[in-house]
Structures are given as structure tokens and as C-alpha cells.
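Visitor: Need coordinates for the following:
(chains A, B, C and D)
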There are 2 protein chains.
Amino acid sequence: MPTIKDVAQLSGISKTTVSRVINNKGYVSEEKKALVLKAMEELEYHPNLSARRLRGQLTTTIGVIVPKITNPFFSYLVDAIEEAAYEKGYQVLIFQSNEDPKKELAFLNLLKTKQVDGVIMTAVENHWSKVKSFIEHGPIVLCNVYIDKSKVPTVRLNQYKGTYDGIKHLIERGHRKIAYCTGGFFKKEGKGKERNQGYQKALEEAGISINPNWVFVNQHSIEDGQQVLRKILEMDERPTAVFTGSDEVASGMIAEANVRGIQIPDDLAIMGFDDQPIARVVSPKLTTIKQPVDRLGEKAVEIIIEKLNNVESSDEYCELPIELIIRQST
Amino acid sequence: MPTIKDVAQLSGISKTTVSRVINNKGYVSEEKKALVLKAMEELEYHPNLSARRLRGQLTTTIGVIVPKITNPFFSYLVDAIEEAAYEKGYQVLIFQSNEDPKKELAFLNLLKTKQVDGVIMTAVENHWSKVKSFIEHGPIVLCNVYIDKSKVPTVRLNQYKGTYDGIKHLIERGHRKIAYCTGGFFKKEGKGKERNQGYQKALEEAGISINPNWVFVNQHSIEDGQQVLRKILEMDERPTAVFTGSDEVASGMIAEANVRGIQIPDDLAIMGFDDQPIARVVSPKLTTIKQPVDRLGEKAVEIIIEKLNNVESSDEYCELPIELIIRQST
DNA sequence: GCAATTTGTGGAACCGATTTCACATATTGT
DNA sequence: ACAATATGTGAAATCGGTTCCACAAATTGC
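Guide: Now for the predicted structure:
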């Protein structure tokens, strides 16, 4: 591999000036610039990023922590983040925490060791006080998670409102026996709690009290959904509608309902969350809540780059709208 | 951030010896080792990777090129690769080519500039002669793609056999009018061609000739599938079965069939490819072809790490079995 | 016409690690 | 007892860039 020295030698110009040409910085005469560019071309020269990083203390890489890339919500989010970052000349290092706090810390250490300039977290597994300590090493932006006392730049969706609107939709359809499936629920922080509050509030306003038997926690997969449906069928008093925290769970329920001959939405109305592709292929198609994933990713990248450049961010806290999409399952 | 110099100063020992302790290399007395370790602990020292890379010419990072992370097949593949690499102490840099040859080349340049030690390619967009030139800068392993003349370590699935078995299954069910949907097909190399050959061979053996009207190319998404179904319905002579190159396309067809009141598999049998979660939630559930994604990823990582360590690889070419999964759509 | 800027350039120091080399001491073999 | 080897250590060079600084030439201001 050719180095800057080779370029300097070939063009008969100092390393310093070559560097100036590369970075388009400082005074360089057109004449010499042309010579340098020609030499660079000829040698197929590419600056060594490690050397740049070592000197410059920057990596042009941002890290993204996701719980699981196989979850479509996150793969679309990563997709959006990557695209936005790529346009700004940043690389993206994707990291899966697998919801393991230790792995999350391991990745945050990349910030400490300056392998990434900043981190976008789409989930937080550790207690915030632990995560907070990494901020001194580089910016952290929360994306799709909200931590009350964090004071960290955050882009998020209003999960409370999304859930509230969803439940309200069910109530408007005449349902009063509304079950609730969620992925989190027990966590003290994060979107689980918010969604939960939306559920409670909507029921409360309609004067409905929560039946604890109809609350299912820690449900994530298609299989989980199938199981939930079987459980509901075994109940003496069944709900007439189910609000789920993900299209996967909802789809699993529909698949199982189809097998068992349960009519949806007549026997049971089912709502998803996310508006993933799967929502449009199950039969009947899922009523769900659409999250503007693209905007979410873009905005997170925008904010983190502002932070990296020490630009006073316009908004440290950004809440994006969430949309109810009514199809056939409710 | 503390540097090796700080550790040396605090422990009163030379940088050289500290380096020896860190890398566990060369002679160091137990006594001094203990001192160094204590100082490292105290300062919370982490070696700067850029400096290491600059000097050592290695990155402990492997790159993975995928066409699109939002395609579940690839997100599961990346998941498997990442897990396997993580265990071996390697980081994974994920890169989307978006099927754009330019972006692919841009990423391969990371190999040139030594930002990644090696690259796993799960798709090849450029002509092989172009890609080949990067091999001198680091190992490339092909995963899920096969290039005839490449002579590069390859892990792959036998797409030919998968497709052949799938078509044969349809023939055994009594079908003779079999349509075919594929993502690639026009490409001269890669799995598109192989699958195509499997399709042709199976038909040929059964004495069936191909009806060009029933061949749909460049079909990827759920929407594509919906459109294909509509096209089929408009035909004077309709096929009785459709083999598709992805569960998405197949699911789109099923969704549309349900809307149009077409009975599956009675009016039309449909096969998917990949065995993605979606295959189990559509109604009827998809008959599909399962690819052992986990093994595929593991094996690719295994081979690339062998290459990186200059170990004579046991097998440069590895073919994994592919499995037909019969459900209800055929 | 002379000081004050602006423009243009290169030498040398620096970023934080690893590796080479020279040298000192300890252990072994005979 | 003495050479040969094994063990232990640190100063200095190196990786490939960027940036500081000193200095020269060209422009500008008055």
C-alpha cells in the first residue's frame, strides 16, 4: 500500500502539503494541488484510517446498539441509520446486545477505547447510572428509548400515545374486555412502562378496570403469540380484543386462530404494533400502529453528528408521531 | 484516556515491558507483571486500537457485505456470523451494498485500507475480476454465493438441489403447469442461475417444457408477490403451481389470493424459499425450503479466521444441505 | 515606499502502540 | 570454571498520518 510519503516523493512535494490537499485545508497553490492529485491517482493512494484516527482522535464511525438484528423493527431502524450515516460520510458499527447487559457494556467500551466516536442506543439494558459514565468518552444518543432522568439527547416515539390510541380504537369498536400483551412490562424504565400507562389510561377513561388475567408479559415471538391464543381459548371468561406489543405476536395469534377456527375480528379482535411487512400478509390483515422508523434513524444520526461537531443541537429531545393503521383484524 | 506511557510511569516500568505484559509475549518476571497489571487496573487502561492497528496491521474486525439487512434471510445470517465472530474475539462490521456495485467496491476498499482483516461476502455485485483484485489485501470468503472460476473459499447451499427438490415436490403433487418467480435470473453468476437450472432440470426430467409467460424475474417483496398473483389471474392459461424464490413473494401471493378468494393449494399451489418466520403465519402456512443459516454463518467465520491465521484450511469449499419443508400451501 | 497581512510551503513533533536491538543477569552443560 | 544458552529489561525506531511552527513570497493598506 502506498503511503503519504510515496505520494510526496512521486510528486516532489512535502508530506505536509499532500496532507493539505487530501483534507482540503490550508493554503495550497492550484499548481501543486494538481501535481499531488495526479500522484495520488497514479499510486491509487488511500489514506490509512488507523493513522488518521490515531492522530486525529476521531474514527468517523458511529456505533449502534440493537437488542437483536433479526427483529424487523430493528433491522429497518439500522437500515435507516446506516443510510443516513453513510450520506454524511460515517461508518456504522452494528452491535447486538442480545439483551445482555454485559455485552452492552462491552460495546460501550468501544467508546472508551475510541473505536467509535459516538453511540446510538436503541435499547438500554444496564442501569442508567452505569451507562451514564460513558458519556464523558463520547456522545450517546437514545433512539426509541426514553430514560426519564437521563438528560441525554433522545429521539423517540410517543409510545404512550400510540398505545392509548390503539386501545381507544378498540373501545370505539365496542370492546370492553381488552387483553394486553407486551414484551417488557416488568422493566422499570423504557417503552414498556409507557405503553402500559397508555393502556391503563385509555381503560380508565372508559371506566373499565384491568383484568390481570388478560395481561401477558414477556411476549415476543410468533410462537409466543400462538401460545397466548391457546391460553385465551382455555379461559372461562375470554377477552373480546387483544392489544399486542408487536406484529409478530399478533401474527402468531392470527395464525393460531385460523387453525382453531376462531373468527377474527368477530370472535376476537387483534391489534399489532410496528406495521411490519408481516402485518399485511396475515389473514385478516393486521390493524397495527406504525412507527416512523426511517425518520427515527435519520434524526438520531443527525443529532449525534451535531454532537460530534459540538454544534449546539437544535433539539435534544425529539418526539416523532405514531400512526394508527386500521386494517381488518379489529 | 490513559496511555501505555501512563501505565509505564505509574508502575515505574518501561513501555516495552508493559507492552509485553499486555500481549503476554516475551519474558517478563512475575513481579513486574503484577505491578503492571495493578497499574493498568488502577488507571482503567485500555489499549488504543488505532495505534495497535497502525503498528500491527491487524484490526480484529471482519467485514460482512449483505445486499440488504432488512431481508430476514440476511439479518439471520448476520446474526449467526456476528455470534460466531464474537466468540472468537472478532468484531463485525456490517455493510449494506443495496445491490449497488459502487457501494460494494467502497466497502472492499476497507480491506485495502486495512480497516478490516477480511471480508465475508454474502452477495457479489461486481464482476468477479474486479472483486478478485482485492484478495491480495486480505482474505475474502464467499457465503451463500458461488462463483465458478473464483477459487475463493466458499460456503454455500446447494441452490440447485433445493430448487430441484422443490419443483419435484410440486410435480409429485401432480402439477405440470408450474410457474417460477425469482429475484435474480438474469445474472450470469450466483444462485439465481443455479436455482434456474434446478427448475429446468426438474421440468425436463418430467418431460415438461417451460412456458416463458410463467417465469417472473426480479421479484423480491411482498408487493411483488401480490402483483404476480394478479398477473396470473389475468392469464388465459393459468399455472396450477408457483415456485417462488422467497417467502416474501410467496406470502404476498397468498395474501392476495385470500383477498381474491383463490383457494390455496387447490386453485393454486405456492412454494416459498428460506423458511422465514413469515412462512408459518400466513394462511395456509407455506411449504418452503429451509436454509441452514446458522451453520452457514458459523462456517464462514470459521474459514475466514483460519485464513487470517494462515492455517491451511481443512476445506475451502463447503456445501451445506438444504431441506424441503412441506406445510399447507402445496 | 514600508509595515501589515495574506498566501504558500516544508521540517519536525506528535498520536499510542509494537518491535528491534543491545545489553545485563541467571541458569545450564561439560 | 567457563562458554553457551535462557531469561529479563529498556531505549529508540517505526507505523502513516496531522498539526504546530518558522519562514518566504506576494498582496494589501496608508
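Visitor: Please report how far residue A:173 lies from residue A:195.
Guide: Look at residue A:173 and residue A:195: by CB to CB, to the nearest Å, they are 19 Å apart. For every residue, glycine as well, the C-beta is placed using N, CA and C.
Visitor: ah, wrong one, I meant residue A:164
Guide: Residue A:164 is 9 Å from residue A:195, by CB to CB.
Visitor: Please identify which of those two sits among more neighbours.
Guide: residue A:195 (27 against 22; other CB atoms under 10 Å in any protein chain shown).
Visitor: which SSE is the more buried one in?
Guide: For residue A:195, the host element (DSSP states H and E) is helix A:191-205.
Visitor: Can you give me the neighbour number for residue A:163?
Guide: 28.
Visitor: Helix, strand, or coil at it?
Guide: Under the three-state scheme (DSSP: H, G, I helix; E, B strand; the rest coil), residue A:163 adopts helix.
Visitor: Could you check the pLDDT of the residue lying closest to residue A:134 once chain neighbours are set aside?
Guide: Excluding the flanking residues, the one nearest residue A:134 by CB to CB, 6 or more residues apart in numbering or on different chains is residue A:108, at 4.7 Å. As predicted, residue A:108 sits at a pLDDT of 84.
Visitor: and residue A:108, helix, strand or coil?
Guide: helix.
Visitor: got it, and residue A:225?
Guide: helix.
Visitor: Phi, psi for the residue nearest the centre of chain A please.
Guide: Centroid-nearest residue in chain A: residue A:122, 4.3 Å away (criterion: CA atoms, centre = their mean). Backbone torsions of residue A:122, given as degrees, to the nearest 10, read phi -100, psi 10.
Visitor: what does residue A:236 give?
Guide: Per degrees, to the nearest 10, the backbone of residue A:236 is at phi -70, psi -50.
Visitor: which regions of chain A lie under the pLDDT threshold?
Guide: Across chain A, residues meeting the criterion (pLDDT under 70) sit at A:184-191, A:310-315.
Visitor: for it, what spans make up the strands?
Guide: Taking DSSP state E as the test, the strands found in chain A are A:61-66, A:91-96, A:118-121, A:140-143, A:154-157, A:178-181, A:215-216, A:241-243, A:269-271, A:288-290, A:317-320, A:323-325.
Visitor: Can you say which of these is nearest to DNA strand C?
Guide: Nearest to DNA strand C among the strands of chain A is strand A:61-66 (16.7 Å), distances taken as CB to the nearest atom of the strand.
Visitor: Give me the contacts around the closest one.
Guide: Applying CB atoms under 8 Å, 6 or more residues apart in numbering or on different chains, the external contacts of strand A:61-66 come out as A:74, A:77-78, A:81, A:85, A:90-97, A:104, A:107-108, A:110-111, A:115-123, A:301, A:304.
Visitor: what residues does chain A put near DNA strand C?
Guide: Where chain A comes near DNA strand C, counting by CB under 7 Å from any atom of the strand, the residues are A:13-17, A:20, A:26-29, A:31-32, A:51, A:54-55.
Visitor: how about residue A:121, what does it touch?
Guide: A:64, A:65, A:131, A:140, A:141, A:142, A:143, A:145.
Visitor: Kindly recompute the last result at 6 Å.
Guide: Each residue near residue A:121 by CB atoms under 6 Å, 6 or more residues apart in numbering or on different chains is listed here: A:65, A:142.
Visitor: Residue A:282 too?
Guide: Each residue near residue A:282 by CB under 6 Å, 6+ apart is listed here: A:251, A:254, B:281.
Visitor: I'd like the residues you listed laid out as JSON lines, including neighbour count and distance to residue A:274.
Guide: As requested, the contacts of residue A:282 are arranged in JSON lines below (neighbours: other CB atoms under 10 Å in any protein chain shown; distance: CB to CB, whole Å):
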{"residue": "A:251", "neighbour count": "30", "distance to residue A:274": "11"}
{"residue": "A:254", "neighbour count": "32", "distance to residue A:274": "15"}
{"residue": "B:281", "neighbour count": "27", "distance to residue A:274": "14"}
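Visitor: Now residue A:115: closest residue in space that isn't a chain neighbour?
Guide: residue B:49 (5.3 Å).
Visitor: Report the separation between that neighbour and DNA strand D.
Guide: Residue B:49 is 12 Å from DNA strand D, where distance means CB to the nearest atom of the strand, to the nearest Å.
Visitor: count of neighbours near the residue nearest to residue A:323 when sequence neighbours are not counted?
Guide: Residue nearest to residue A:323 in three dimensions, not counting chain neighbours: residue A:290, with 4.4 Å by CB to CB, 6+ apart. For residue A:290, the neighbour count with other CB under 10 Å is 18.
Visitor: on that earlier part again, also near DNA strand D: which of the contacts of strand A:61-66, exactly?
Guide: Checked against DNA strand D using CB under 7 Å from any atom of the strand, those give no members in range.
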